Every structure is written in structure tokens, then in C-alpha cells.
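# What would the 3D arrangement of this be:
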Amino acid sequence: MTNSDLNRGHRYRLSAVEWMLRVTGPQGLTVSQRDFAIALDKYAAFSKLTQSDARAVTTAIAADLLDSDGPAEALQRRLRELLGGEGGVTWEDSQAVYQTLAIALQIAAINR
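Here you go, the predicted model:
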């Protein structure tokens, strides 16, 4: 399967774990990032995302998991920016991104 297959709406979607591996690389993936991605998959957080949005959201979440203030605060900030049209990111499907970030925030809040 090629990237063009994925962008043409091919039925297979990468899981959050697969996206996290692509973004961080196998050697860069931390245990907390892996476990968080597994939880995202459990709640099908990436099921509505386009490939482009999934890559950007994964990059943001991976960075937020390394935030010294904790991922919940960073994810909350991202949600506010999305709702306010801030942050300088143009999303293909902002509703799907909102849903994914909301799920991620709930997971982060539970795992404090």
C-alpha cells in the first residue's frame, strides 16, 4: 500500500500506535507515548482523521507527552487554540481533530 492509496480514501487507517512509531521512530518511542497511543486506539481516537491530520495530531500529542507541565495542560491548550482558530494550523477536518484531542485530554486527565 502506498501513501497515495492512503490519501485516496483507502479503507485501511493507521492506528495511533503506528502513527506514533512513524513520528518518533522506533528508538525514539517512549513507554508513556506507546501506552498513550494504545489508549487512543482503545477509544478509536484516530478513526475519523485524514492522513494529514493524523500525522500532525500525532506529532502534537507526542510532544505534549514530553511536556514538563504534563500532557493534560498542553492538550487543553491545543483544544483552546483549535476552538479559537489559533495555533497557525490548518486542519482538513477540524471536527475530527477536536474529537481526537478531546479523547486524548480525557486519557491524560485519567492518567495524572
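
# name the element residue 32 belongs to?
Assigned by DSSP states H and E, residue 32 falls within helix 31-42.

# So residue 94 sits against residue 84, correct?
No: look at residue 94 against residue 84 with Cβ atoms under 8 Å: they stay out of range, at 11.5 Å. To be clear about C-beta, it is placed using only N, CA and C from the backbone, and glycine gets the same treatment.

# Comparing these two, which shows the higher neighbour count?
Using other Cβ atoms under 10 Å, the more surrounded residue of residue 94 and residue 84 is residue 94, with 14 against 8.

# Would you mind listing the residues in contact with the more buried one?
Listed by Cβ atoms under 8 Å, 6 or more residues apart in numbering, the contact partners of residue 94 are residue 82.

# Also the one 5 residues further on?
Residues in contact with residue 99, defined by Cβ under 8 Å, 6+ apart, are 45, 48.

# Look up the pLDDT of it for me, please.
At residue 99, the predicted lDDT confidence score is 96.

# Which of the three states applies to it?
Classification of residue 99 using DSSP: H, G, I helix; E, B strand; the rest coil returns helix.

# Distance check, it against residue 88.
To residue 88, residue 99 is 21 Å away according to Cβ to Cβ, to the nearest Å.
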